[in-house]
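Trainee: Need coordinates for the following:
(2 chains)
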Amino acid sequence: MLELVGVTKRYGDGHTALDGIDLALPPGKITVVIGPSGCGKSTLLRLLAGLELPTAGRIRLDGRELHGPSPEVGVVFQEPRLFPWLDLLHNVAFGLSRRLPWAERKALALRAIERVGLEQATGRLPKQLSGGMAQRAALARALVTRPPVLLLDEPFSALDALLRAQLQRELLRLWDEDRPTLLLVTHDLDEAVLLADEVVVLGGRPGRVRARQVIDLPRPREPQRPAFQMLRARLLSALPSYNLEAA
Amino acid sequence: MAAALDSLGRPAEPAAAAAPGRAALRVPRVPAALLGLVLPVALGLLWELAAARGWIVRRLLPPPGAIAAELSELAASGELLRHLLATLHRVALGFVLGVGAATLLGALTGTFEALRRLLDPSLQALRAIPSIAWVPLFVLWFGIFETPKVLLIAVGAFFPVYLGLEAGIRGVDRKLVEVGRVCQLGPLAMIGRILLPAALPAWLTGVRGGLGLAWMFVIAAELMGASEGLGYLLIDGQMSGNAAIILGALLLFAVLGKTSDALLVASTRRLVAWQDTFKSGS
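Mentor: Numbering: from 1, shown residues only, chains lettered A, B, ... in the order given. Below you'll find the model as predicted:
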């Protein structure tokens, strides 16, 4: 269980991004954090990833306090962030410990590449991958260690609508295979209702938890269904009204 | 990373999509290589003609034919090879030493802010000393033989490499470094697996500059007193009033400098082929 207890993040310039956040990510579930831009949702993910430390409060993973990145937490960023000098195989294998022999790392990386459907592009450099392929590669790199916790920071926001829908479906399939605890940050309401077991609405400056909404629709979910639309409307009304550009 | 976002989600072959634009800008390969020879060959012919017609003083500006004759005479006696090898040996040794030291220090100061604050001001101050100014001290310390020459060349090659690598590492995308942190890399792995590969193009630019300076400083080193080497040939030509030897040595410097640079570029091209840049395909 990954949890934040009274977490506040204040930057050196005095700007407070998050204020007194209490949040626990239920194991094996998908939690989606949604909120307008600037509400601190990316900061929340960076804290959980161990890339930043809270100014006050604690972040705990299975009861142990986190003071930095953990091997049990995988991260997919908004940009693919592939290493341009490594081919796809080596980019995906990058996440694996060098203590493992290369043959073993290679086998694990190939397996992860297969899981995201890129097996025909194993030898390609990032500059030879399309945007969608590159983001799949980033997903494979995070999945290769099979981390019990997976954090995704607006992973599909730079993709076109068709590709986004496809990758959302694939993410659900991948999640279903080993059921990691998954946290996804987005500003896309439909994405939130489509994927989440629970949606956390962040808002305000500094960011606080404004609302939480359990989504108990059976999967696969149909965005045209009235129940889907009703939940979407409920979330929309929970979002701060001063900044709806992202919704 | 921005490049990956350009072709959002398009399943098209990006290499194929990029090709037409580049092809339009590229001059066909073989004529391009020959094109560079047009000017020197034309000048040489004109020069030869001018000397034959008596337009120039042959003693001061001997034509290419006379230079070639002088060089082949030196080559036949084995002298030329000896001088060439002496110079090449000094350049190679000094260059490797300078590049090695610069790479180590540049990697350290580029990576660790505390080390940069500690070392960089002193190194920048040393850089402000014209490298030739070290000669008297090096001679005093190490005598007049090989050591001061190699050291001078090393000093010359050091700074472009150091500056290039240090700036290259500091310019590495923070986002890639974060991936390294998420993957639990320690400081050494961070340097070896992310910072150095990412800074490799900047390092290579510095190495190229360093090689050019190594050639520049080998002359300075050999002019300060040598019994062999191309710099010795220059002095020898001046003393004996033989302009053909001087011009021959200059020509050899041009050929060696250009060749070593071309070899460096060709041997490292594969290392930076991953760059997704304007004209990276050419």
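Trainee: interface residues of chain A facing chain B?
Mentor: By the rule CB under 8 Å from any CB of the partner chain, the part of chain A lying against chain B is A:49-51, A:68-69, A:71, A:73-75, A:77, A:79-86, A:94-95, A:97-98, A:125-134, A:158-160, A:162-163. For glycine as for every other residue, the C-beta is placed from the backbone atoms N, C-alpha and C.
Trainee: Select from these every entry located in helices.
Mentor: A:131, A:132, A:133, A:134, A:162, A:163 (DSSP state H).
Trainee: The third one reaches residue A:120, doesn't it?
Mentor: No - if you go by CB atoms under 8 Å, residue A:133 and residue A:120 don't touch, sitting 9.9 Å apart.
Trainee: who's more crowded, these two?
Mentor: Shown here are residue A:133 and residue A:120; by other CB atoms under 10 Å in any protein chain shown, residue A:133 has more neighbours (27 against 9).
Trainee: How many residues are close by residue A:103?
Mentor: Residue A:103 has 8 neighbours, counted by other CB under 10 Å.
Trainee: Output the contacting helices and strands for the helix or strand harbouring it.
Mentor: Using DSSP states H and E, residue A:103 sits in helix A:102-115. Other elements packing on helix A:102-115 under the criterion 3 or more CB pairs under 8 Å, 6 or more residues apart in numbering or on different chains; DSSP states H and E are helix A:88-93, helix A:131-143.
Trainee: When you filter the residues of chain A next to chain B down to buried only, what's left?
Mentor: A:49-51, A:69, A:73-75, A:77, A:79-86, A:94-95, A:125-134, A:158-159, A:163 (16 or more other CB atoms under 10 Å in any protein chain shown).
Trainee: winner for burial among the helices and strands packed on helix A:102-115?
Mentor: Looking across the helices and strands packed on helix A:102-115 with neighbours counted as mean count of other CB atoms under 10 Å in any protein chain shown, the highest average goes to helix A:131-143: a mean of 27.
Trainee: Find the centremost residue of chain A, please.
Mentor: In chain A, the centroid-proximal residue (CA atoms, centre = their mean) is residue A:152; its distance is 1.4 Å.
Trainee: Look up which helix or strand that one falls in, please.
Mentor: Residue A:152 belongs to strand A:149-153, assigned by DSSP H and E.
Trainee: What's the mean pLDDT across that strand?
Mentor: The pLDDT scores in strand A:149-153 average 96.
Trainee: what helices or strands is it leaning on?
Mentor: Using 3+ CB pairs under 8 Å, 6+ apart: strand A:149-153 touches helix A:41-48, strand A:73-76, strand A:181-186.
Trainee: So what are the sheet partners of it and their directions?
Mentor: strand A:73-76 (parallel), strand A:181-186 (parallel) (DSSP bridges).
Trainee: and residue A:150, how many neighbours?
Mentor: By the measure other CB under 10 Å, the count of residues near residue A:150 is 23.
Trainee: Am I right that it is in contact with residue A:182?
Mentor: Yes - proximity of residue A:150 to residue A:182 meets the contact threshold set by CB under 8 Å, at 4.9 Å.
Trainee: which residues are in contact with both of those two?
Mentor: By the contact definition CB atoms under 8 Å, 6 or more residues apart in numbering or on different chains, residue A:150 and residue A:182 are jointly contacted by residue A:175.
Trainee: Of all the helices and strands packed on helix A:102-115, which one comes closest to residue B:259?
Mentor: Nearest to residue B:259, of all the helices and strands packed on helix A:102-115, is helix A:88-93, at 33.8 Å by CB to CB.
Trainee: Distance from that closest one to the middle of the chain?
Mentor: Mean-position distance between helix A:88-93 and its chain equals 20 Å (CA atoms, centre = their mean, to the nearest Å).
Trainee: which residues are contacting that helix?
Mentor: A:82-83, A:105-106, A:108-110, A:112-113, A:118, A:121-126, A:129, A:137, A:140-141, A:144.
Trainee: And for stretch B:172-186?
Mentor: By CB under 8 Å, 6+ apart, stretch B:172-186 touches A:49-51, A:68-69, A:71, A:73-75, A:77, A:79, A:81, A:83, A:94-95, A:97, B:1, B:189-190, B:193-195, B:198-199.
Trainee: what comes up buried for that stretch?
Mentor: If you call a residue buried by 16+ other CB under 10 Å, then stretch B:172-186 has these buried ones: B:172, B:173, B:176, B:177, B:178, B:179, B:180, B:181, B:182, B:183, B:185.
Trainee: where does chain A have low pLDDT?
Mentor: A:241-247 (pLDDT under 70).
Trainee: Let's see that with 50 instead.
Mentor: For chain A, the stretches flagged by pLDDT under 50 are A:242-247.
Trainee: could you list every residue that touches residue B:199?
Mentor: The contact partners of residue B:199, by CB under 8 Å, 6+ apart, come to B:110, B:165, B:168, B:169, B:171, B:172.
Trainee: residue contacts, the third one?
Mentor: Going back to what we said before, that points to residue B:168. For residue B:168, the contacting residues are B:110, B:198, B:199, B:200, B:201, B:202, B:203, B:206, by CB under 8 Å, 6+ apart.
Trainee: This completes my enquiry, with thanks.
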